[in-house]
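*Asks:* Have a look; sequence and predicted model below, questions after that.
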Amino acid sequence: MQQRIAADCALCPLEARCVSRFRAMITEKGMRFTRESAEILRGSCSTSGHFVAEGLAERVGVSVATVYRNLPLMMEAGIIRRTVDMPDGRGAYEHVWGRDHHDHLVCVRCGEVVEFHFPALEVLQEHVAREHGFTLMDHRMELFGVCPRCHAEAP
């Protein structure tokens with residue numbers, strides 16, 4: 001008999017738990033929702049800001065390979081998304097279930113990531129898509145530069 005695994009997400013509204021979505025999706029694929037999957041989900045949901053797979057694996061006590069196997073499933077379920085590439089080349093992720101859309105500023109020196117929402121950019125992106133005959137489904141904007149702290153430290 002399989003033990004019931006609880007992995008409540010503090011960020012999700014009561015009526016739309018990402019845990020339920022993730023469990024259902026995994027089950028539909030003929031896979032098992034394991035304790036490791038629950039820990040990875042809980043760890044990603046409780047992380048404020050952005051995270052890398054290696055940091056998540058260390059924090060929740062599972063192998064990096066297990067994290068990398070679960071990340072695509074969590075993205076497919078709409079719980080997380082890959083956001084920015086860190087200066088060291090690793091991809092970063094963030095919990096997006098139930099969160100408003102936003103874009104990112106990324107410091108190319110220290111890797112600081114700043115989230116922002118600028119409505120005029122959203123309107124402009126819709127306009128560009130329509131002008132080219134596209135129906136915009138989603139987008140990701142990342143602006144790369146040097147943050148104020150690194151700029152001040154420059155020689």
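*Replies:* Sure, I can see it.
*Asks:* Quick check: which ranges of this protein have low pLDDT?
*Replies:* 1-16, 87, 155 (pLDDT under 70).
*Asks:* Show me the helices in it, by range?
*Replies:* 18-28, 35-45, 53-60, 64-76, 119-131, 148-153 (DSSP state H).
*Asks:* Next, name the residue at the spatial heart of the chain.
*Replies:* residue 94 (2.4 Å; CA atoms, centre = their mean).
*Asks:* Tell me the bridge partners for it.
*Replies:* Under DSSP bridges, the beta-bridge partners of residue 94 are residue 50, residue 81.
*Asks:* from memory it sits against residue 48, does it?
*Replies:* No - if you go by CB atoms under 8 Å, residue 94 and residue 48 don't touch, sitting 9.5 Å apart. All C-beta spots, glycine's among them, are computed from the backbone N, C-alpha and C.
*Asks:* that older thread, just send the helices of the chain back as CSV, with distance to residue 100 and mean neighbour count too.
*Replies:* Below are these laid out as CSV (distance: least, CB to CB, whole Å; neighbours: other CB atoms under 10 Å):
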stretch, distance to residue 100, mean neighbour count
helix 18-28, 16, 17
helix 35-45, 16, 22
helix 53-60, 23, 17
helix 64-76, 18, 17
helix 119-131, 11, 11
helix 148-153, 25, 11
